[in-house]
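> Just the structure for this:
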Amino acid sequence: MADSDQQPSPRTSRAGRDLPAAIGVGLALFIYVVITLTWWPVGFIVLLVLLTSLGAYEVHGALKRVGMTSAVVPVVLGNIFIIGGSYAAAVLQPVTRLPWHIVLLGTIGGTVLLVLVWRMFGGAENYVRDSAASVFIIGYIPLLASFVGLILAEQHGVAKTVAVFVCIVASDVGGYAAGASIGKHPMAPNISPKKTWEGMAGSVVLASAFGIGLSVWVLHQAWWFGLILAVVVVFAGTAGDLIESLIKRDVGIKDMSSILPGHGGVMDRLDSTLVAAPAAWLVFVLAGINW
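Residues are numbered from 1 along each chain as shown. Next up, the predicted model:
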């Protein structure tokens, strides 16, 4: 019976994940995203704010492992105003005439000022180190995540947001499938040993296929625009994944947390999106895709 004790549970994957829980959480999030993007975009922003707030708390906990204590309360408060405020400003700009970038810069600047003042009450010891931790989280999570809301707030923003997220998912699926089946050449062995150039090629191929289809039939643009968008999303998303891997390696953890059953931490799901969103937003702006 000793051998049977070492057999992997049918509920877990090779990576040790609880598959039923992972599927259930993923399906619930997918249904919520579909419903909110279709009928209630504000609800999608609410989810984004919730997840990024949890992500900020996870990074706060990770940095504490190496002696960096961020001002997590003002960071989370700032996260709400940075993402929610910039989205609201972009949506209401035709009415209020208040440029969204003024709101974005103002909320970021206000949050940085708040964390610097908040940390003052902790004394001079480690003030610079702890303040740097807070500013790092502000720049890494709410600032980058705000571009998701900015894409959604644009004209035909739902279609653009769907295109970006489908490319991100296709990149993950294509990379996993190709990497697991034919991956032999590590791409960044010192950062993420399981990532291979074959996996990257799989990401590009699958994301490009979806990107081209979405560009033609959903965005109503030329096929080459979908190809450019997909390739940019793949490389930016991969960079986002590697950035989070570097953070986890530096602080000595495998997952940011276990808050999402079967998935790990929130940041383990947001890492690609945080970098892919501003890159995709820039593609839309440079291409002048506003219909």
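> Of all the residues in the lengthiest helix in the chain, which ones are buried?
What stands out as the longest helix in the chain, according to DSSP state H, is helix 223-251. For helix 223-251, the buried set under the neighbour-count rule, 16 or more other Cβ atoms under 10 Å, comprises 225-245, 247-248, 251. Yep, even glycine has a C-beta here, placed from its N, CA and C like the rest.
> Then stretch 106-115?
Residues of stretch 106-115 classed as buried under the neighbour-count rule (16+ other Cβ under 10 Å) are 107-108, 110-112, 114-115.
> Of those residues, which belong to strands?
When DSSP state E defines the strands, the subset of those inside them is empty.
> residues of the longest strand that the chain contains that come out buried?
With residue count as the measure and DSSP E as the assignment, the chain has strand 192-196 as its longest strand. Burial within strand 192-196, assessed by neighbour count using 16+ other Cβ under 10 Å, is assigned to 192, 194-196.
> residue boundaries of the strands in this structure?
Listed in chain order, the strands of the chain (DSSP E) span 186-188, 192-196.
> which residues sit in contact with Leu105?
If a contact means Cβ atoms under 8 Å, 6 or more residues apart in numbering, then Leu105 has no contacts.
> pLDDT score for it?
On pLDDT, Leu105 comes in at 97.
> what do you get for Gly16?
At Gly16, the model reports a pLDDT of 51.
> coming back round to it: quick check: angle from the longest helix of the chain to strand 192-196?
What separates the directions of helix 223-251 and strand 192-196 is an angle of 160 degrees, with axes from the mean of the first three to the mean of the last three Cα atoms, to 10 degrees.
> Please verify my assumption that Val232 contacts Ala279.
Yes - under the criterion of Cβ atoms under 8 Å, Val232 makes contact with Ala279 at 5.2 Å.
> For the longest helix of the chain, which helices and strands make contact with it?
Other helices and strands packing on helix 223-251, by 3 or more Cβ pairs under 8 Å, 6 or more residues apart in numbering; DSSP states H and E, are helix 41-64, helix 157-182, strand 192-196, helix 197-217, helix 267-287.
> Redo those as TSV? Include distance to Gly123 and mean pLDDT.
As requested, the helices and strands packed on helix 223-251 are exported to TSV (distance: least, Cβ to Cβ, whole Å; pLDDT from 0 to 100):
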stretch	distance to Gly123	mean pLDDT
helix 41-64	17	96
helix 157-182	43	94
strand 192-196	38	89
helix 197-217	47	96
helix 267-287	30	95
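> about what we covered before: output the strands of the chain in CSV, with distance to Val205 appended to each entry.
Shown next, in CSV, are those (distance: least, Cβ to Cβ, whole Å):
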stretch, distance to Val205
strand 186-188, 16
strand 192-196, 14
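> Select, out of these, the one closest to Glu58.
Comparing the strands of the chain against Glu58 with Cβ to Cβ, the closest turns out to be strand 192-196 (18.4 Å).
> gap between the closest one and the chain center?
Remark: strand 192-196 is offset 19 Å from the chain centroid, using Cα atoms, centre = their mean, to the nearest Å.
> Could you list every helix and strand that it packs against?
helix 157-182, strand 186-188, helix 223-251.
> What strands flank it, and is each parallel or antiparallel?
Sheet neighbours of strand 192-196, with direction, are listed as strand 186-188 (antiparallel) (DSSP bridges).
> buried sites along the strand it pairs with?
For strand 186-188, a neighbour-count test (16+ other Cβ under 10 Å) marks 187-188 as buried.
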